[in-house]
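Q: attaching a predicted model along with its sequence, questions to come.
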Amino acid sequence: SSSSAVAATAQSDICRVTVIGGGQMGSGIAQVAAMKKHQVTLVDVSQEALDRGKGYMSKSLKRVAKKKFPEDAKAQEQFVEEALSHVSLSTNALASVGKAELVVEAVVENLKAKQEIFSTVAQATPDNAILASNTSSLPIAKIAAPLTLPQRKRFIGLHFFNPVPQMKLVEVVRTDETEQKTVDDAIAFVKGIGKAPAVCKDTPGFIVNRLLLPYMMESIRLLERDVASARDIDTAMKLGAGYPMGPFELCDYVGLDTIKFIVDGWYKEGAGLKGNKLFESSKKLDELVEAGHLGVKSGKGFYDY
Ligand code: 3HC
């Protein structure tokens, strides 16, 4: 019937997913794929890093389970176990991509590191597999540059948001070389894991960060000009604009080092952004990062934790 044909096209053909990088983002991506019964391999350089990634997944899965099965400890436990049973851990990237239909890279924001990973694993990845980066600030085309043309046609950005299990959006970022089938398959995968895709060209910040970073930097400058306290600016944006977090809560949540790294990169060499004052770092941000006050993860940022 026509309705089953529609269902068949909406369904993702991707089942085997390899996620490279077991940090907050990578383990979140592995988790959401596993919750939809994909066969996931999570790769990192050490067993210690993998154990940490598994810890992130367990903790977040317990949170999801509590909501799904309130007052039923047994069902909660089963849900967590079931999801984790779809994830295998590996320190061998090459051995983990041989049967992958999708490889998602979520390692540190370092162009060389990402290029090296893809140059290595692309040799062992099946010819029809999608290669994807979760970069938030580096050009997708640059990450793919060392690859062959057929590999670059299958290369795409899949940009998830923190916390991955909760945030519904995934930016699907196409380069000039990404083929339409890759875009279509990526969209189907994103929908299949219960997320909403937003397709975007390969430009600095894509959609969300292109708008979010100027907002964050303008908030910091507002504070520097002593217009209001961080607390009052946060209250204003939460209650006056309906944002779930105020800009300083969000900066601390994302990490001040991350924010500085992103704006510095774009200010110095972002395509179309170079020298744009919206992306100039500020004294306050520089000082906090210099002092190691990076936000929630270091116990102190604009606020104390
Ligand atoms: N795993 C699973 N579920 C989680 C979770 C996690 N790690 N973190 C939060 N949740 C769920 C909670 O269980 C809860 O679910 P419910 O509403 O269905 O009961 C829901 O999220 C809300 O959590 P809380 O009640 O504990 O707390 P808040 O209401 O304050 O929400 C928040 C927390 C979801 C983080 C919310 O404050 C928010 O949306 N903040 C903005 C986050 C944001 O903007 N992220 C994008 C950052 S930019 C980025 O990532 C791009 C990068 O490239 C820089």
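A: All right, it came through fine.

Q: what ranges does this structure have for its strands?
A: Listed in chain order, the strands of the chain (DSSP state E) span residues 16-20, 39-43, 87-90, 102-105, 130-133, 155-159, 169-174, 196-201.

Q: could I get the average pLDDT for stretch 297-305?
A: If you average the pLDDT over stretch 297-305, you get 97.

Q: same check on stretch 269-284?
A: Averaging pLDDT along stretch 269-284 gives 96.

Q: also stretch 163-181?
A: 98.

Q: buried sites along that stretch?
A: Counting neighbours by 16 or more other Cβ atoms under 10 Å, one finds that the buried residues in stretch 163-181 are 164-165, 170-175, 177-178. Bear in mind the C-beta positions are built from the backbone N, C-alpha and C, glycine included.

Q: smallest gap between the stretch 101-250 of the chain and the ligand, at which residue?
A: Closest to the ligand within the stretch 101-250 of the chain is S136: 2.8 Å, counting by Cβ to the nearest ligand atom.

Q: contact partners for the closest residue to that residue other than its chain neighbours?
A: Leaving aside its chain neighbours, S136 sits nearest to N209 (5.7 Å; criterion: Cβ to Cβ, 6 or more residues apart in numbering). Neighbouring residues of N209 by Cβ atoms under 8 Å, 6 or more residues apart in numbering: 136-137, 262.

Q: TSV please, covering those residues and showing pLDDT.
A: Output for the contacts of N209, formatted as TSV (pLDDT from 0 to 100):
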residue	pLDDT
S136	95
S137	95
I262	96
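
Q: make a ChimeraX selection of the buried ones in those residues.
A: To isolate the buried members of the contacts of N209 in ChimeraX, using 16+ other Cβ under 10 Å:
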select :136,137,262
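
Q: just the helices in this structure please.
A: With DSSP state H as the criterion, the chain has helices at 2-10, 24-35, 47-68, 73-85, 93-96, 111-122, 140-144, 149-153, 180-192, 208-224, 230-241, 247-254, 256-269, 283-290.

Q: would you mind finding the most buried of the ones you listed?
A: helix 24-35 (a mean of 25; mean count of other Cβ atoms under 10 Å).

Q: mind checking how far the residue nearest to D264 when sequence neighbours are not counted is from the ligand?
A: Closest residue to D264 apart from its sequence neighbours, by Cβ to Cβ, 6+ apart: S281 at 5.8 Å. Noted for S281: a distance of 15 Å to the ligand, by Cβ to the nearest ligand atom, to the nearest Å.

Q: E290 now?
A: 20 Å.

Q: ok now do that residue, which residues does it touch?
A: Here E290 is in contact with no residue (Cβ under 8 Å, 6+ apart).

Q: just put the buried residues of stretch 163-181 in JSON lines and tack on distance to the ligand.
A: Below are those laid out as JSON lines (distance: Cβ to the nearest ligand atom, whole Å):
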{"residue": "V164", "distance to the ligand": "7"}
{"residue": "P165", "distance to the ligand": "4"}
{"residue": "V170", "distance to the ligand": "11"}
{"residue": "E171", "distance to the ligand": "9"}
{"residue": "V172", "distance to the ligand": "14"}
{"residue": "V173", "distance to the ligand": "12"}
{"residue": "R174", "distance to the ligand": "18"}
{"residue": "T175", "distance to the ligand": "18"}
{"residue": "E177", "distance to the ligand": "23"}
{"residue": "T178", "distance to the ligand": "20"}
